[in-house]
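K.L.:
let's see this in three dimensions:
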Amino acid sequence: MMKLLFDVETTELLHATIVGEDATELIHIAMMAIADKWRMDDFRDACFSYPSLGELFKSAASNAAGRLAVESARTSETSRETAA
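P.N.:
All right, here's what the predicted structure looks like:
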């Protein structure tokens, strides 16, 4: 199981939780990304070997970006309704 926490405004990776048999193979990627202040796009643009567990980061970042887009659209819609 992998859980990544991104800053909503900057999309920077703030925290990673990785649990499971292969956690030790993945946590170093999260540690590097946090130290280098990677953003969602950095994960989506990175070239991970395929198939590999590292590809999970790209998938998680894409999912987070999709959720952020939906939330932004919902907030924008609410703002327009309030203004009307």
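K.L.:
so who does the spatially most central residue of the chain touch?
P.N.:
Nearest residue to the geometric centre of the chain (CA atoms, centre = their mean): A61, 3.1 Å. Residues in contact with A61, defined by CB atoms under 8 Å, 6 or more residues apart in numbering, are 4, 6, 40-44. In short, each C-beta sits where N, CA and C put it, glycine included.
K.L.:
what helix or strand is it located in?
P.N.:
Secondary-structure assignment from DSSP states H and E places A61 in helix 55-83.
K.L.:
pLDDT value on the residue nearest to the centre of the chain, please?
P.N.:
Looking at A61, its pLDDT reads 92.
K.L.:
now P51
P.N.:
Predicted confidence (pLDDT) for P51: 77.
K.L.:
against K58, how distant is it?
P.N.:
Applying CB to CB, to the nearest Å, the value for P51 to K58 is 12 Å.
K.L.:
neighbour count winner among the two?
P.N.:
K58 (17 against 7; other CB atoms under 10 Å).
K.L.:
show me how far the helix or strand bottoming out on mean pLDDT in the chain is from its chain's centre.
P.N.:
The helix or strand of the chain with the lowest confidence, counting by mean pLDDT, DSSP states H and E, is helix 55-83 at a mean of 85. Per CA atoms, centre = their mean, to the nearest Å, the displacement of helix 55-83 from the mean C-alpha position of its chain is 12 Å.
K.L.:
again with stretch 22-38
P.N.:
The gap between where stretch 22-38 is centred and where its chain is centred comes out at 12 Å by CA atoms, centre = their mean.
K.L.:
alpha carbons of it, as CSV, please.
P.N.:
Provided in CSV are the C-alpha atoms of stretch 22-38 (Å, rounded to 0.1, in the frame of the first residue of the first chain):
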residue,chain,number,x,y,z
ASP,A,22,8.4,-4.3,-1.1
ALA,A,23,8.3,-1.0,1.0
THR,A,24,12.1,-1.0,1.3
GLU,A,25,12.4,-1.0,-2.5
LEU,A,26,10.2,2.1,-2.8
ILE,A,27,10.8,4.4,0.2
HIS,A,28,14.1,5.7,-1.1
ILE,A,29,12.3,7.2,-4.1
ALA,A,30,9.9,9.0,-1.8
MET,A,31,12.8,10.2,0.4
MET,A,32,14.7,11.6,-2.6
ALA,A,33,11.5,13.2,-4.0
ILE,A,34,10.7,15.0,-0.7
ALA,A,35,14.3,16.2,-0.3
ASP,A,36,14.3,17.5,-3.9
LYS,A,37,10.8,19.0,-3.6
TRP,A,38,9.3,17.0,-6.4
